[in-house]
Structures are given as C-alpha cells and as structure tokens.
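**Q** Show me how the following folds:
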Amino acid sequence: MPSTRLKAISWVLLLLLGTSPMTPSRAASSPASIRFAVIGDYGSSSQAEEDVANLVKSWNPDFIVTVGDNNYNTGSAAQIDANIGQYYHEYIYPYAGGYGAGGTVNRFFPVLGNHDWGTPNAQPYLDYFTLPGNERYYDFVQGPVHFFALDSDTHEPDGTSETSVQGTWLKNALGASSSPWQIVLLHHAPFSSASHGSNAYTQWDYQAWGADAVIAGHDHTYERIVLNGFPYFVNGLGGSSIYSFKTPVPGSVVRYNNNYGAMLVEAADTQITFQFWSRTPTRRDEYILQTTFADVAKNHWAWSWIESLYQSGITSGCAASPLIYCPDNSVSRAEMAVFLERGIHGASFSPPAAAGNVFSDVTNSHWAASWIEQLANDGVTSGCGNNNYCPDNPVTRAQMAVFLLRAEHGSTYDPPPATGIVFTDISQDHWAADWIEQLAKEGITSGCASGFYCPDSPVTRDQMAVFLVRTFNLP
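**A** Below you'll find the predicted structure:
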C-alpha cells in the first residue's frame, strides 16, 4: 500500500493522446477538452470486470472515476489489489500492488460504496488510494469539469443529509465553482428503477446548488433519469452482477441491464456528451448537454430549463446569427400560443391555415394567426374580451396559470376551490386563485419569491421555459 510519504506527494492528472476503436478519432486532449470513463460496482475480480476494464482502456481515457463498490465483498485489504489493481493499476498513483507498474500521476478517482465500508473505517480503501481532501469526499477539476465525489454510505462520519457537514461542503463548493461543468459522483442512487430503488436521503438539491449531472451506482443496471431537465445516471454494470428492473420511476428515459459496461464522457467548454457502452462493444445510450444560446450562459438560473425546451423542439430562440433566446423578454400572447400548441401536440405540430375570422384583431396574415386560432379550437383561450385576442399584450402570471392548466388537462377542466393560504398575494377571492393554487399543487410553480406569486407580473421567456418543461414533462 502507498506509504505516508508517498501519499503526501502532490497529485496532478496526466492527459493522454490516442483514439478509440469504438468511437471517432479525436484530437489531443487539452484543458478545454477531456475524455474520461465512469465505472461502478465493479471490484469483484471477475471475467466481466476484466472485459469492462479492457473496454475502458480501449478508449484511452484521460482518467477514470468510479461510483463505488470498488472492493467486494467486505472491502478487505486481502482482496483490494486483486479487485482493483489487477485491472486498473496503470491509472493509480502511487501504486504499491503486485500487478505491474502504476501510473506516474494519479488518474483513478473512486468514491466509497457500501461494500468498501465492510471493513472498519474503510481503512483498506483509504490506505490503497491517494486522493484529495479527506479522501472520503473530495473535489477536483480537470479541463472544463469540476468533479465532486461524495461518500453516500451511512457510515460517513460527516453525515449524509443535505444539512450535514458533507452536504454543506457540497453546497458551498458547487456555489463557488467557476468551471463550465459540475458533476456529482456518489454510490447510492438518488433515483433508480432497479432492485435497491431510489434513496430518498441522497436526493439533495443538486440542480439548485449548481450541478449539471449526478452519476451514481449501487443498483447493478444502467439508467438515465431526467427530472426537470436535470440528468441522473445509474451506472452499476462494472463487473459484479446484474439486477432486474421494477416499475420505472418518474423521469426514467433509458434502462439497460442486458450486459456489463461502462460510461464514456467527453467534455468541452460548451458541450458534454454522456454515453453508455456495453462490453460487446455497443453504444446503448447517448445524452448531450450543451450551451445553445449565446445570451444564456450555463450559470443562468434557467439554463437547464431553456436547454430542455430547445432540445425538445419547442423553441428555436428569438433570433439567429448568433442564436439567442432573449430570456428576460416578456412573452406575448401570440408567442404563448406557439409555445402551448407545441407543448400540447408535439414539437413537429403545424396547425391548419388560419381563417382570419376567429378574433377581430388577428387577421389570417398575422404571423401567429394559425397558432392562435388552434389555441382557441383546443379550448385553451377565448380571447381577451370583445372578440379580441390581444396578440401583442404580455401574458401575466395569473393568465398563464389558466392557460397552462387548460393545455394540460383540457378545455373542460376546472380546478378545485382555492384556500387562499398558498400565496400571500393571492386571496381566496382573486379571479385566478383556483388556477394559481392548483399550479402550485402540481409542482409547476413555487411562486416568484418566498410566499408570493406576483400574479400581475408579465411572464418572461426564462420563466416560460420552466412552466412548459414542468407542465408537459419535457425531458
């Protein structure tokens, strides 16, 4: 095992050149471009682990991260080198095992799993690896990605709740990060459709804190779950065994458990691509996060919502060359008609030609006439009064509550009576109180500020992205 002196040596990451026989050739890695592998639930000294290790090494990744259970079954010192070093020794530094030369710098970054805690204090793990911080949870930056490795096991002395020492550390560290991308790694999956299932105690507010993705293991499957435009991955097919699926959890997009495999992730400043490959080798999933609009930086509060809206085909922005979204602009009633109709009927929907006789102020030559008339035909709107639609007027947040719920539930929908206690600025006798409270009950809105809804404020395009993604459950 590494000596205390060796463990004090500074660590850096080595960037390699090379190509993979299973993925397109690439240019040399640079600080703005990296390629790394993710393995989980792998350390069992099996043929499956060897096959996955060979797959991973064929990609020539810059480094490897794990999502736990590195050393089955009890995390013992006697087994750790056979379970890990036998297959990945060239990525580990300092390496004092018996399977050949180690790396010249550390390129192997694990997280603790429950099996690693099978020996008191997870001491073999802590002795075997040289990692940043306290080595149980830590962070490091490589290229455009800031990684946050957590210890989600209940043995963690600094706690596993959002308000624990570890949880507070993550919240503060994410908030301080200036990297283009932030990825959280842990063992116990916040959400999973397989045997172990979701772990409520690890469902921290990663998205609000600034993370871009969460990758976990524990369940020996691969799954991609997207909630509110935020991706959670379960990646536990590294070589131990394979689990079955149960009823899919909300947001589950892709589920795979036919073979062992690993994730390949490629990241640049404006795009990060997540893939899962089985050992055959076959690519089983791909998911891309990218910065699409020139005026919506990745640190914009609604960035993930706006990206989800774009990827779903609901919007193409407000202007091209450069492509921009205009997040702070108010949404007009004409624009709203397009947004809602695409949400109702799908991104490829094209309404029939307008007759020009539905609303007095919307002729058939109006740019949104066909969308506005279709919105009326779908029973979502009856106009603004006096046989008019008021296409250029901004949509207020009170009006939007009605529009969204009718688009979601149909023209005959009536929400339950309001209580008048949900928002301070919405009394029980407010004309839209029923609709606004129902919008809150369905989790589509939490208001404009603590305890307030701001019913008369115009809906901005960034707010509209959140409303639409939540109402229509867009991925």
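
**Q** who's in contact with the residue of the chain most remote from its centre?
**A** Farthest-out residue of the chain from its mean C-alpha position, per C-alpha atoms, centre = their mean: Asn386, at 45.8 Å. Neighbour list for Asn386: Ser360 [criterion: C-beta atoms under 8 Å, 6 or more residues apart in numbering]. C-beta: built from backbone N, CA, C; applies to glycine.

**Q** The stretch 151-300 of the chain: strands as residue ranges?
**A** For the stretch 151-300 of the chain, strands defined by DSSP state E, counting those that start in this stretch occupy the ranges 181-188, 213-217, 222-227, 230-235, 252-256, 261-268, 271-278, 282-290.

**Q** Now the longest one: average pLDDT?
**A** The reference is to strand 282-290. The predicted model assigns strand 282-290 a mean pLDDT of 95.

**Q** Note down every partner strand of it and its orientation.
**A** Strand 282-290 has its sheet partners listed here by DSSP bridges as strand 271-278 (antiparallel).

**Q** And the third one, by the same measure?
**A** Using DSSP bridges, strand 222-227 pairs in its sheet with strand 230-235 (antiparallel), strand 252-256 (antiparallel).

**Q** Name the residues that touch the shortest one?
**A** So the one you mean is strand 252-256. Contact partners of strand 252-256, identified using C-beta under 8 Å, 6+ apart, comprise 191, 193, 221-226, 237, 245, 248, 276, 278, 284-285, 475.

**Q** Narrow the residues you listed to those that are buried.
**A** Among those, those classed as buried by 16 or more other C-beta atoms under 10 Å are 191, 193, 221-226, 237, 245, 276, 278, 284-285, 475.

**Q** Helices along the stretch 101-250 of the chain, start to end?
**A** 123-128, 165-176, 206-209 (DSSP state H, counting those that start in this stretch).

**Q** Can I get these in CSV including mean neighbour count?
**A** Output for those, formatted as CSV (neighbours: other C-beta atoms under 10 Å):
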stretch, mean neighbour count
helix 123-128, 20
helix 165-176, 16
helix 206-209, 18
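
**Q** and of these, who's closest to Ile92?
**A** Of all the helices of the stretch 101-250 of the chain, helix 123-128 sits nearest to Ile92, with 8.2 Å by C-beta to C-beta.

**Q** Return the alpha-carbon coordinates of the closest one using CSV.
**A** In CSV, the C-alpha atoms belonging to helix 123-128 read as follows (Å, rounded to 0.1, in the frame of the first residue of the first chain):
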residue,chain,number,x,y,z
GLN,A,123,-9.3,1.6,6.1
PRO,A,124,-8.1,-0.6,3.2
TYR,A,125,-9.6,1.8,0.8
LEU,A,126,-8.1,4.8,2.5
ASP,A,127,-4.7,3.1,2.6
TYR,A,128,-4.8,2.0,-1.0
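
**Q** How about residues contacting that helix?
**A** 1-2, 70-71, 75-77, 80-81, 84, 110, 112, 116, 135-136.

**Q** same thing but 6 Å
**A** Helix 123-128 has contacts (C-beta atoms under 6 Å, 6 or more residues apart in numbering) with 1, 75, 77, 80, 116, 135.

**Q** Check what pLDDT the fifth one gets.
**A** Spelled out, that is Asp116. With respect to pLDDT, Asp116 has a value of 98.

**Q** contacting residues for it?
**A** Counting by C-beta under 6 Å, 6+ apart, Asp116 has contacts 70-71, 75, 122, 125.
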